[in-house]
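Engineer: turn this into a structure:
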Amino acid sequence: MNILEALYNGHICPVENVIPSSPNYRPIAEEISKGREYFLSRLSDEDKKRFEMWNQKVFQYEEMVEYANFAYGFKLGIMLWHEVFQGREVCNE
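Structural biologist: Now for the predicted structure:
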């Protein structure tokens, strides 16, 4: 299967497959998770609901930012590819 087929058929999903390679990633992710659990254990039931709603908004925001970064990187890569193969600049920035 070629990459276009794999992308079309849902076998490639960058948002699910990309994990930062920094050695700091997992320790920071664990700290975030522990901090979240710490605060959840101390909140009232009403505050837990508000926190969960707020957290969902944070996730939605992060998804939008991640997509924007992905789209920009993809477009930049295509412009670079075009410039290299055309032998001229296509971007005036």
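
Engineer: what does the helix or strand of the chain with the lowest mean pLDDT contact?
Structural biologist: Of all helical and strand segments in the chain, the minimum by mean pLDDT, DSSP states H and E falls on helix 14-17, at a mean of 76. Contacts to helix 14-17, defined as CB atoms under 8 Å, 6 or more residues apart in numbering, come from residues 63, 66, 67, 70. In this view, the C-beta of every residue, glycine as well, is placed from N, C-alpha and C.

Engineer: need those in CSV (columns: secondary structure).
Structural biologist: Listed next are the contacts of helix 14-17 as CSV, based on DSSP: H, G, I helix; E, B strand; the rest coil:
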residue, secondary structure
63, helix
66, helix
67, helix
70, helix
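
Engineer: what does stretch 56-75 contact?
Structural biologist: Against stretch 56-75 from outside (CB under 8 Å, 6+ apart): 14, 15.

Engineer: centre of the chain to that stretch, how far?
Structural biologist: 6 Å (CA atoms, centre = their mean, to the nearest Å).

Engineer: the chain should start at 19 in everything you say after this.
Structural biologist: Sure thing, new numbering starts at 19, so read that last one as stretch 74-93.

Engineer: keeping just the C-alphas, turn that stretch into CSV.
Structural biologist: In CSV, the C-alpha atoms belonging to stretch 74-93 read as follows (Å, rounded to 0.1, in the frame of the first residue of the first chain):
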residue,chain,number,x,y,z
GLN,A,74,-12.2,19.6,27.6
LYS,A,75,-11.9,23.2,26.4
VAL,A,76,-8.1,23.0,26.8
PHE,A,77,-8.1,19.7,24.8
GLN,A,78,-10.2,21.3,22.0
TYR,A,79,-7.8,24.3,22.0
GLU,A,80,-4.7,22.0,21.8
GLU,A,81,-6.3,20.0,18.9
MET,A,82,-6.8,23.2,17.0
VAL,A,83,-3.2,24.4,17.6
GLU,A,84,-1.8,21.0,16.7
TYR,A,85,-3.8,20.9,13.5
ALA,A,86,-2.7,24.4,12.6
ASN,A,87,1.0,23.4,13.2
PHE,A,88,0.6,20.3,11.2
ALA,A,89,-1.1,22.1,8.3
TYR,A,90,1.5,24.8,8.3
GLY,A,91,4.4,22.3,8.4
PHE,A,92,2.8,20.3,5.6
LYS,A,93,2.3,23.4,3.4
